[in-house]
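Trainee: A structural model of the following input is requested.
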Amino acid sequence: WRDAVQAGNAEPGLKGYLTMGVPAFRDDFINTGDNDLWIGRWWDALIYIAFPILFFVLMASYFGDMIANTENVWDPSNPKGLGIILSFWSIVAVTFLLLNKKLVSRPLFRNVPEGAEVDVSMLPAGDDELVVEVGEYPPGWEHLNTNKAAELVAELIEEDSDNSMNAPASIEIT
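Mentor: Numbers count the residues shown, from 1 in each chain. Sure, this is the predicted structure:
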């Protein structure tokens, strides 16, 4: 959607997002080579109408009931209150903000089913060098290769079995 806005093909703001963004999201992230099912325009209608209504009803009823029926609802030490929920999600948000650059710099392994004739570059963010198919490794991340890890484990097991040869066969307790 943002690319379409920059190219002048879509309106900025909520209206442009609803007309271009939700279908583009469906096409880019849901209807990919990873999926066996194809999701149609009915999904867009659910996202436009049902999701906001259901989300509002759920949140309003949950928090309304909590505020009306909980003593010390704003106290963060109250395990049944709203304060602990807000404290927890604040900690989660700050953690994600602080770890954002580290999380972004890690590779993403895409599962492309056999016979799916889809190149990773056609999937969302496929032009990023850190997005690769399962079984491939991006430059600088070759140490994640499971064959190398299996070789290291085999070496450790072999060394351990060599050391256990020197151990007594049985121990007598008298």
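
Trainee: need the helices for the protein, in chain order.
Mentor: 2-7, 14-16, 22-25, 42-45, 51-69, 82-104, 146-164 (DSSP state H).

Trainee: got those helices as TSV, with mean neighbour count and distance to Y137 columns?
Mentor: All C-beta spots, glycine's among them, are computed from the backbone N, C-alpha and C. Compiled in TSV, those are given as follows (neighbours: other CB atoms under 10 Å; distance: least, CB to CB, whole Å):
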stretch	mean neighbour count	distance to Y137
helix 2-7	12	29
helix 14-16	12	39
helix 22-25	16	29
helix 42-45	13	34
helix 51-69	10	37
helix 82-104	11	18
helix 146-164	10	10
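
Trainee: Those: lowest mean pLDDT?
Mentor: Here the lowest mean pLDDT among the helices of the chain goes to helix 146-164, at a mean of 66.

Trainee: coming back round to it: could the helices of the chain go into a markdown table alongside distance to D75?
Mentor: Output for the helices of the chain, formatted as a markdown table (distance: least, CB to CB, whole Å):
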| stretch | distance to D75 |
| --- | --- |
| helix 2-7 | 42 |
| helix 14-16 | 37 |
| helix 22-25 | 39 |
| helix 42-45 | 41 |
| helix 51-69 | 12 |
| helix 82-104 | 5 |
| helix 146-164 | 48 |
